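[1] Structure for the following, please:
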Amino acid sequence: MEDATRRYSTIDNSTEIKMILSSVYDALSEKGYNPINQIVGYILSEDPTYITNYKGARSLICRIDRDELLHELVISYLK
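    Numbers count the residues shown, from 1 in each chain. Presented below is the predicted three-dimensional model:
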């Protein structure tokens with residue numbers, strides 16, 4: 001029997017996290033969403049449907065561990 005759980009490899013490089021987050025932001029903007037609201041919704045709920053599938057944005061954001069994403073955002077904000 002196959003395991004139905006989808007597994008993603010997580011990213012721990014801050015440069016790659018920034019590139020992924022920028023790509024997700026751009027995809028959300030292009031589709032007409034408010035990217036900040038959508039990304040915050042995703043972070044708070046961990047519900048990937050906050051992120052569009054457009055340009056593979058949803059699968060990209062799922063590669064980032066949510067705790068690591070928050071860690072990088074706080075570091076970036078405090079710099």
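[2] got the contact list for residue 52?
    For residue 52, the contacting residues are 27-28, 31, 33, 38, 58, by C-beta atoms under 8 Å, 6 or more residues apart in numbering. Placement of C-beta: from N, CA and C, glycine included.
[3] mind checking how far the residue nearest to it when sequence neighbours are not counted is from residue 23?
    Excluding the flanking residues, the one nearest residue 52 by C-beta to C-beta, 6 or more residues apart in numbering is residue 31, at 5.0 Å. From residue 31 across to residue 23, the span is 13 Å (C-beta to C-beta, to the nearest Å).
[4] go on, residue 16?
    11 Å.
[5] what pLDDT does the residue most central in space within the chain get?
    Geometric centre of the chain, nearest residue: residue 61, 2.7 Å, by C-alpha atoms, centre = their mean. At residue 61, the predicted lDDT confidence score is 96.
[6] I'd say it and residue 46 touch.
    No: using C-beta atoms under 8 Å, residue 61 is not in contact with residue 46, being 10.3 Å away.
[7] Residue 43: what's it in contact with?
    Contacts of residue 43 (C-beta under 8 Å, 6+ apart): 66, 69-70.
[8] For those residues, give me TSV that also has neighbour count.
    Shown next, in TSV, are those (neighbours: other C-beta atoms under 10 Å):
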residue	neighbour count
66	15
69	19
70	12
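[9] Just put those in CSV and tack on pLDDT.
    Compiled in CSV, the contacts of residue 43 are given as follows (pLDDT from 0 to 100):
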residue, pLDDT
66, 91
69, 92
70, 93
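[10] Now the helix or strand hosting residue 28: average pLDDT?
    Element membership of residue 28 [criterion: DSSP states H and E] is helix 14-30. The average pLDDT for helix 14-30 rounds to 95.
[11] How far off centre is it?
    7 Å (C-alpha atoms, centre = their mean, to the nearest Å).
[12] C-terminal to that helix, which secondary structure element comes first?
    Once helix 14-30 ends, the next helix or strand along the chain (criterion: DSSP H and E) is helix 35-45.
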